[in-house]
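A.B. asks: Mind looking at a prediction? Sequence and model below.
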Amino acid sequence: MNTEVLVIGAGPTGLMLANQLARRHVHVTVIDQHAGPSIQTKALGVQARTLEIYSRLGIAERAVELGRRAAGATLWSGGKRVARVPLGDIGADLSPYPFLLILGQDVNEALLGDALGEQDVHVQWNSRLVDLVQAPDAVTAKIARQDGSVEEITARWVAGCDGARSTVREACGIPFSGAPYPHVFYVADTRATGSMAPDELNIYLWRGGFHLFFPLPGKDHWRVVGILPAELRSVEGLTFDAVAPFVCREVGGADPGAATGTDTGTDTGVSGAGPHLAFQDCNWFSTYQVHHRRAARFRDRRCFLLGDAAHIHSPVGAQGMNTGLQDAYNLAWKLALVQSGNAGEDLLGSYEIERVPVADRLLRTTDQAFGFLISESWFAEAFRTRIVQRVIAMAMRRERTRRLAFRTISQTGIRYRNSPLSRMQARLPDEAPRAGDRFPWLQLRLIAGGPVEDLFAKLDDTRFNLMLFGQPAPASARKHAAEAGGLMTTHVIPADPVNDRALSRAGIPRPSFFLLRPDGHVGLAGSMLDAAALDDYLTGPVQLRKGGDAESTGDSAALPAGN
């Protein structure tokens, strides 16, 4: 073997997968057909769940420093502000990152690339996959290099993170069903002044489209994204000069045929202004068409599809990049266990089982939202521009609605309850976490009399974590957890008023237990731990094998393998 896992594509998804595999001691090779890292980007929103995963790589705080928190979303129609949806720390008590972060995809890639380099893994640029052949125990990939040579790389596994035109997907003969939207999007990196609410996402709705203004670091720096007017969609060599007047008409009320603003020192000669908007310059402009498609399968024997190679959809909701990153986080721990010999290959089947429903739900909801945003019917336009904003603003005043909205948009609410890896040993109260759910973020005293600590920061995401509430670690756990193979840590949470309040808020009863998978989702849950049921779970759907030593924290006893 030249490598254990060959990752095709060094976008956010590929870099995340490579990082997670490398930190689990899997030999990984990353290639990309481009000359170097991206310096341009469409994706901007970084969700809380992504930042939680970034924290495992040590890059979350740097991402927050470089990005900009969205304080809220202001909605406009006809040049008038019609509603405001407060965001801020909308997810307080739900995540250590209770906000939407605005940070360009290019910066995300740079952070992930630096983290990968610190693990002594470097992207091989100017390297294009031209063919691959699968055998029962390996994949042979032909790679075209910049100098014209073609090299063969043999890998145990191949991860197709190579975007919507995935060569891996095509080589595996996997259909990519769907269609393009008829609309053409534009994205522009601008300097602009106007009535935009500072530090907020500004949403301007117009008949048949929308313009989104994302605040970026720097004075008057805005990323503008929207739908091109129909009359501009077929224009060859389109520049922002032609688009700006139309944006000003819908945002600021200017006549699109007579821009009143002037360029104040730009490279592109932008001209466009209205009573409430003026563009000073545009540093980057691009147009693109969006598709809604999903691969028929996310796996073909030893090849996997992740991110845009597996699913693409409307950018509504800032979900695309974040979904690809979660694809990678879901697959990485399973692939690492299998490649290290600590689990059977059947474990890999759960990747597709868990992630396909997420993609389907995302396609369905973004299609519905996008259809609503671009509908030109009289009723839809009236509802969109006069009613829905106020309904949303009123609803978001309720804490329950805010929490639901945060869980949905932040992707912390994604769950795998129908996965073969999700088992309930006994029924718990309805408000308690269930098997398949992301375990809630808690601040607890993990040791009696100790400090209050961030649970997420203490859990090792390269292992399973057994959480015990209101019960000790059973003595028989040493025997029945032997198959944990050094890959499980037990945490007995002591009784304490601080803990009691935190558990009550999260709906966690005493007694109860939760076995967390390495990605933080609950695998097994119940009331009193049955060591035999734990043993059955670890050796059944997870297929952990014997060997190694487990560790323990808090008041529990260690659960070493082989006793």
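C.D. replies: That came through fine.

A.B. asks: Check which residues of stretch 450-469 are buried.
C.D. replies: Leu455, Phe456, Leu459, Asp461, Thr462, Arg463, Phe464, Asn465, Leu466, Met467, Leu468, Phe469 (16 or more other C-beta atoms under 10 Å). Heads up, the C-betas are built off the backbone N, CA and C, glycines and all.

A.B. asks: which of the residues you listed sit farthest apart?
C.D. replies: Greatest spatial distance in those: Thr462 and Phe469, 23.2 Å, computed using C-beta to C-beta.

A.B. asks: rewinding a little: looking at the buried residues of stretch 450-469, which are in strands?
C.D. replies: Per DSSP state E, strands hold the following members of these: Phe464, Asn465, Leu466, Met467, Leu468, Phe469.

A.B. asks: Which of these sits closest to Ala531?
C.D. replies: Leu466 (10.6 Å).

A.B. asks: That closest one contacts Leu487, correct?
C.D. replies: No - counting by C-beta atoms under 8 Å, Leu466 stays clear of Leu487, with 11.1 Å between them.

A.B. asks: one step back: looking at the buried residues of stretch 450-469, spot the one nearest Met528.
C.D. replies: Checking the buried residues of stretch 450-469 one by one against Met528 (C-beta to C-beta), the nearest turns out to be Leu468, at 9.6 Å.

A.B. asks: so the closest one bridges to which residues?
C.D. replies: Leu468 has the following beta-bridge partners by DSSP bridges: Val492, Phe513.

A.B. asks: confidence score at it?
C.D. replies: Here the pLDDT value assigned to Leu468 is 96.

A.B. asks: Next, the contact list for it, please.
C.D. replies: Residues in contact with Leu468 (C-beta atoms under 8 Å, 6 or more residues apart in numbering) are Thr490, His491, Val492, Ile493, Phe513, Leu529, Ser556.

A.B. asks: which of the residues you listed lies closest to Thr154?
C.D. replies: So of the contacts of Leu468, ranked by how close each gets to Thr154 (C-beta to C-beta), first place is Thr490, at 39.6 Å.

A.B. asks: pretty sure the closest one is touching Gln471, no?
C.D. replies: No - here Thr490 lies out of contact with Gln471, judged by C-beta under 8 Å, at a distance of 11.3 Å.

A.B. asks: More neighbours: the two, which one.
C.D. replies: Thr490 (26 against 15; other C-beta atoms under 10 Å).

A.B. asks: one step back: TSV for the contacts of Leu468, including distance to Ala60 and pLDDT?
C.D. replies: Output for the contacts of Leu468, formatted as TSV (distance: C-beta to C-beta, whole Å; pLDDT from 0 to 100):
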residue	distance to Ala60	pLDDT
Thr490	26	92
His491	22	94
Val492	28	95
Ile493	25	96
Phe513	29	97
Leu529	32	94
Ser556	28	35
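
A.B. asks: Quickly list the domain ranges of this structure.
C.D. replies: The record, using automatic domain parsing to delimit domains, assigns the chain the ranges 3-67+104-175+296-369, 69-102+182-292+375-414, 423-554.

A.B. asks: so what's Asn2 up against?
C.D. replies: Asn2 touches Thr29, Ile153, Thr154, Ala155, counting by C-beta under 8 Å, 6+ apart.

A.B. asks: Among those, which ones are in strands?
C.D. replies: Using DSSP E, the contacts of Asn2 in strands are Thr29, Ile153, Thr154, Ala155.

A.B. asks: Relative to Asn283, how far out is the nearest residue to Asp346 once chain neighbours are set aside?
C.D. replies: The shortest distance from Asp346 to any non-neighbouring residue, by C-beta to C-beta, 6 or more residues apart in numbering, is to Gln543 (6.2 Å). Separation of Gln543 from Asn283 (C-beta to C-beta, to the nearest Å): 52 Å.

A.B. asks: Helix, strand or coil: sort out the residue most central in space within the chain for me.
C.D. replies: By C-alpha atoms, centre = their mean, the chain has its centre lying nearest to Asn322, at 2.0 Å. Under DSSP: H, G, I helix; E, B strand; the rest coil, Asn322 falls in the helix class.

A.B. asks: Give me the neighbour count for Ala310.
C.D. replies: Neighbours around Ala310, by other C-beta under 10 Å: 29.

A.B. asks: Revised request: answer the last question for Ser38.
C.D. replies: 18.

A.B. asks: Over to Ser504?
C.D. replies: Residues near Ser504, counting by other C-beta under 10 Å: 12.
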